[in-house]
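**Student:** build me a structure from this.
(chains A and B)
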Amino acid sequence: MDMSRYVLPFEECDLSMVNRVGGKCASLGELLKARIPVPPGFAVTTAAYDRFLEENGLTRRILERISGIDAEDVDAVDAASTDIRAWIEAGTISEPLEDMIAENYRLLSRRARMPGIPVAVRSSATAEDLPDASFAGQQDTFLWVRGVDDLLARCKQCWSSLFTPRAIAYRGRMGFDHAQVKLSVAVQKMVRSFTAGVMFTINPATGDPATVVIDSNWGYGESVVSGEVTPDQFHVNKITMEVTKKTVSDKAIYYTTDPETDQVMKLEVDPERREAQSLLEPEITGLAELAKRIEKHYGKPMDIEWATEKSLPYKGEIYILQSRPETVWSQKKREPIEQPKSSAVEYIMAGLIKGKKVG
Amino acid sequence: MSDLRFPSPHEAERIPGTEGWERMYPYYYRFTADDPKRKQYEESMFWFYDGLHYPEPMYPFDIIWDEAWFLALSQYNNRIFIVPPAKGIDHRIHNGYIYITPVPVTDAEAIPKRAEEFMKRAGYYYENWDKLHDNWESKMKEVINKLAELQIPVPPEKEDDSVVFDGIGTSTGYHLLKAYDKLIDLGILAWQYHFEFLNLGYAAYVFFVDFCQKAFPDIPLQKITQMVGGIDVIIYRPDEELKKLARLSIDLGVDDIAMNGDSAKVLKGMAESDNGKKWLAAFEKAREPWFYVSTGTGWYHHDRCWNDDLDIPLSAMKIYIEKLRKGESVDRPTQQVIEERDKLTEGYRNLLTSDEDRATFDKMLATARTVFPYVENHLFYVEHWFHSLFWNKIREVAAILKDHKFIEDIEDIWYMSRQEIKDALWDLVTAWATGSDGRGPLVWPKEIAWRKGVMEKFRQWTPPDGMGTIPETISEPFTIVLWGITSESMAQWARLKAVAEGDLDKIVGFPGSPGIVEGIVRVCRTVQEINQLQDGEILVAPTTSPSWAPAFQKIKAAITDVGGVMCHAAIVCREYGLPAVVGTGSATSRLKTGQKIRVDGSKGEIDIILEES
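**Tutor:** Residues are numbered from 1 along each chain as shown, chains lettered A, B, ... in the order given. The predicted model follows:
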């Protein structure tokens, strides 16, 4: 059996494979091509998802359960979702499929020289399932997953997330075929993040393409992504690489792994760290450098999740966890900044006549 | 903006004990409620304090330059180039402080017609910039030459024989009056030329700034000026001459003499050897015209130039000799500046997303770069070279008034207006001719003593930033670039005020050059004090000019009371990569030498960290 059909290391993923590995894994593969530091991992492909459904007799069963449901009937959608998600999560991953996933997980452990390496398990949706970026963010993410059994269970949970009430209703409304919807799962080595967050290769507030904006908090980036804290914010001028703005916020909570329970927990930030700056100057500029490279690779403004490694003292251990095209400014219709004119004096006169707003 | 209210100019505070101050200045400079139409006009306009040029109250004589640019700037906007939406800039004075307001074209229908004229006239100047500029330079040099050659004749006891035997037919009294008229006339003429290119230069620059700010909403003004800034600008020339002289003294082995610092000893010492004489020859050559660089902005009579006090350049030159002896470089980091400028330009240009935008950027950048050297260079010709000579010519007139007991001290002349001096000279020459006593000695010493008291009271008073009504838009290019009157700056004024009234450990100004440093304060009120600077200190000065250049070799950052992003301190700091906060209004009075402070040149903020280090 061809293993690469079902499981594919990030290194082998690229944007041409969105249908097989989903947007997230494809994007991570692209980042690796651009030599961006991405924590290693692999994609459990849509073929694996198909095979799992087939082997558990779920392909037809799910379609039958959904067919005829009115997308606006909340109760009916909820009930179908509950059933389907229970079936998927109770399904059995067959031995060959389990072997392939386990083999790749062990490879990851060996690469990291750490048995039972903690991984993050995330849904990696295919293009037709992505109505907008915010919807993609709704899909499940499981942090600090350890061991094969846990990993397999989380894979099934990811798959089942295709059938949340919201997803069912959305596809129903849009007339998308439920049978065509596929999901890949990204399994990525966990970064023990000291600080993490998001960054934009354009200032999301002003649209200035010369500014990288970095949001950061202690611990995992989830506190920033979810909006549970007001993060620290740093602005970097892409051309001069000067840090042009620093806003250090009062950061109340953060996510980390409890060493005793080995579980991800939300904790209160120690008082002395709440208003401390969560990134050092070289880290800020290091991140901005990566942002520039990622934007250049994609040729468009990007929105990036990143983390810095906890176990090491600072030495540029920055990782990019995922990146996707920025949606707000990129979708604005682009007009010339000034209507083209033939001579300088025409521009100057047009500017003079417009004047400067004062009041 | 709604929280920003300015008082009506007719209700502005009056200072007890200064009643009658208005007679010190031209009658048309007064705010007046006498006439309902003029009152209504004055109330409807937005008058802002021109603190950029006038950090201290106006001397009755020094207002001559204000009158000169009142006329010149306005005529070029409104009568010569016909700037479509902007007429001139109107002027008033209150408690000795100048208030100005841009006058807009209010008839919307007049604008297209004006635009047509502007296209033709301004278009001609932009297209023929270099040729016209060369012409300007020779005109300007001619005015300066005439000024330098102008003789101020001293009325003698008895006219020379030649008056009779050559059949001249006029007296020295007449020639003194004529020379004074000529002197004033040359001053006004120099200021006519001053604005020949400036309005158009600023307009081109404003447009480029506007374009950059639309394309890059976060772009600091600093970066834009860096992109258009010239490399071979005259502002650096006097300092370059000093460096050359420092090098030459070492090459000729006369650097020990040069290190003396005291000008009389240096000049005497140099004259004693052949190599010294060679150095002296080079020194004399550099003085004309480069040592006419003023130690201030040149706007006030007390801004003296290097030629007025050779101790200033010679003691500054010691800094360069010391550095050269240690094998350190004193050169401007020109290569770096060019590289930085190119990197910025290319960086921003590459971030533009369409060919149209790049084409506009290229066209406007090229125009801004064409006009910018003039914007920077005219200052040396007019405010430094011409003014320095001019003030001294007026001092020659003052010496005559003093001889005739019209004034007690030469420096008292600045308390008389140019018209009053003319009257006093009539009084003087008629009395001289007649052999009677002039009335001047009975009038002027008393009046001047009173005026000095009034000026002192003006100095203690803080002029409000603005008066009258804030307009919705401003189109006048100078108002935008030079005074930076925009909604942001109004908000900044409100902030400056709030900070000044609140946090005592914080001083706010305009971001002149980026970077953050901590260091020890050295307050230098005049250029003579820059010798006290220790390496790595932070210079705090009222303002700086090219004659302060040697100071920038030693300091870590600069702070000024007066100036915007285009002022000397900001330009030089950007070149040397030092942080600068400019236009703080009060740094020299609020900071003390020895304090430890933190300067944030990107934000324009200063924090006092330690009172005594």
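
**Student:** for B:Arg474, give the beta-bridge partners.
**Tutor:** Actually, residue B:474 is Ile. It isn't Arg. A:Lys356 (DSSP bridges).

**Student:** am I right that it is in contact with A:Leu352?
**Tutor:** No: the pair B:Ile474 / A:Leu352 is not scored as a contact, 10.7 Å apart, by C-beta atoms under 8 Å. In short, each C-beta sits where N, CA and C put it, glycine included.

**Student:** what does the strand or helix carrying B:Val266 contact?
**Tutor:** Taking DSSP states H and E as the definition, one finds B:Val266 inside helix B:263-270. Helix B:263-270 is touched from outside by B:254, B:257-258, B:260, B:276-277, B:279-280, B:283, B:309-311, B:314, with contacts defined as C-beta atoms under 8 Å, 6 or more residues apart in numbering or on different chains.

**Student:** at 7 Å what do you get?
**Tutor:** B:254, B:257-258, B:260, B:276-277, B:279-280, B:310-311, B:314 (C-beta atoms under 7 Å, 6 or more residues apart in numbering or on different chains).

**Student:** out of the residues you listed, the closest to chain A would be?
**Tutor:** B:Leu314 (38.4 Å; C-beta to the nearest C-beta).

**Student:** what number of residues lie near the closest residue to the closest one other than its chain neighbours?
**Tutor:** Spatial nearest neighbour of B:Leu314, excluding adjacent residues (C-beta to C-beta, 6 or more residues apart in numbering or on different chains): B:Ser263 at 5.1 Å. B:Ser263 has 15 neighbouring residues, counting by other C-beta atoms under 10 Å in any protein chain shown.

**Student:** distance of B:Ser263 from B:Gly96?
**Tutor:** 35 Å (C-beta to C-beta, to the nearest Å).

**Student:** cool, and B:Asp134?
**Tutor:** From B:Asp134 over to B:Gly96 the distance is 40 Å, taken as C-beta to C-beta.

**Student:** then B:Gln151?
**Tutor:** Counting by C-beta to C-beta, the gap from B:Gln151 to B:Gly96 is 34 Å.

**Student:** next: B:Ser602.
**Tutor:** Applying C-beta to C-beta, the value for B:Ser602 to B:Gly96 is 35 Å.

**Student:** let me know the pLDDT of the residue nearest to B:Asn377 when sequence neighbours are not counted.
**Tutor:** Excluding the flanking residues, the one nearest B:Asn377 by C-beta to C-beta, 6+ apart is B:Ile234, at 4.6 Å. Per-residue confidence (pLDDT) for B:Ile234: 84.

**Student:** could you tell me how many residues sit around B:Ile234?
**Tutor:** Neighbours of B:Ile234 (other C-beta under 10 Å): 21.

**Student:** same question for B:Phe406.
**Tutor:** 27.

**Student:** name the SS class of it, please.
**Tutor:** Look at B:Phe406: counting by DSSP: H, G, I helix; E, B strand; the rest coil, its state is coil.

**Student:** and A:Pro9, what does it touch?
**Tutor:** A:Pro9 neighbours (C-beta under 7 Å, 6+ apart): A:Phe42.

**Student:** for it, give its distance to A:Val328.
**Tutor:** 33 Å.

**Student:** kindly report the same for B:Lys393.
**Tutor:** From B:Lys393 to A:Val328 the distance is 64 Å (C-beta to C-beta).

**Student:** who has more neighbours out of these two?
**Tutor:** B:Lys393 (20 against 14).

**Student:** quick one: pLDDT of the residue of the stretch 51-200 of chain B at minimum distance from chain A?
**Tutor:** Nearest to chain A in the stretch 51-200 of chain B, going by C-beta to the nearest C-beta, is B:Gly123, at a distance of 4.3 Å. On the pLDDT scale, B:Gly123 is placed at 93.

**Student:** and B:Asp134 and B:Gly96? which has more neighbours close in?
**Tutor:** Between B:Asp134 and B:Gly96, B:Gly96 has the larger neighbour count (other C-beta under 10 Å), namely 24 against 10.

**Student:** which residue, other than its chain neighbours, is closest to the residue of the stretch 51-200 of chain B closest to chain A?
**Tutor:** Nearest to B:Gly123 is A:Val345, by C-beta to C-beta, 6+ apart, at 4.3 Å.

**Student:** tell me if B:Leu428 really is in a helix.
**Tutor:** Yes: counting by three-state DSSP, B:Leu428 falls inside a helix.

**Student:** looking at it, it is touching B:Asp437, isn't it?
**Tutor:** No: applying C-beta atoms under 7 Å as the test, B:Leu428 and B:Asp437 come out as separate, 10.6 Å apart.
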